[in-house]
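In: A structural model of the following input is requested.
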Amino acid sequence: MEVIYYLLYWHFLLMVVLILILSALVSVLFPRIHFLFLILASGLAAYFYTVVVEVKDLTLFTIIVNSTFSFIGIGYVKCLIYLKKKGEEYQDSNI
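Out: Model (predicted):
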């Protein structure tokens, strides 16, 4: 029975994956945007999702999941940018 429940809301997983990809992409293309703004935007998208799908009981869960996956995408990109910068500094040094 639980499988049927998850199949009804397959678009939830699609939304989470899109939030992950979009937050990482925005973080790469616009590095000056603060990460809290992106996490807040993903939480707002989660709230709108619960309004459209009419599952008000899952609002808090959806906001937490979206914000967490947005934070993971942003953190991954920021880590890669940091490692790239440190690699260039190491390569430029004469050690």
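In: quick one, phi psi at the residue nearest the centre of the chain?
Out: Nearest to the centroid of the C-alpha atoms of the chain, with distances taken as CA atoms, centre = their mean, sits Ser70, at 1.6 Å. Backbone torsions for Ser70, taken as degrees, to the nearest 10, come to phi -70, psi -40.
In: ok, now how distant is it from Lys85?
Out: When distance is defined by CB to CB, to the nearest Å, Ser70 is 23 Å away from Lys85. Bear in mind the C-beta positions are built from the backbone N, C-alpha and C, glycine included.
In: ok, which stretches of this protein are helices?
Out: When assigned using DSSP state H, the helices of the chain occupy the ranges 2-8, 10-29, 35-53, 59-92.
In: Export the ones you listed as CSV, with columns for mean pLDDT.
Out: Formatted as CSV, the helices of the chain follow (pLDDT from 0 to 100):
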stretch, mean pLDDT
helix 2-8, 54
helix 10-29, 91
helix 35-53, 92
helix 59-92, 92
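In: Would you mind confirming that Phe69 is in contact with Ile19?
Out: Yes - taking CB atoms under 8 Å as the definition, Phe69 is a contact partner of Ile19 at 5.7 Å.
In: Could you tell me which residues touch both of those two?
Out: Residues touching both Phe69 and Ile19 (CB atoms under 8 Å, 6 or more residues apart in numbering) are Ser42.
In: The two: who's more crowded?
Out: Neighbour count, other CB atoms under 10 Å: between Phe69 and Ile19, Ile19 has more, with 26 against 22.
In: Contacts only, for the more buried one.
Out: Counting by CB under 8 Å, 6+ apart, Ile19 touches Ser42, Ala45, Ala46, Asn66, Phe69, Ser70, Gly73.
In: Tell me how many other residues surround the residue nearest to the fourth one when sequence neighbours are not counted.
Out: If the residues on either side of it in the chain are set aside, Asn66 comes closest to Ala46, at 3.8 Å by CB to CB, 6 or more residues apart in numbering. Neighbours of Ala46 under the rule other CB under 10 Å: 26.
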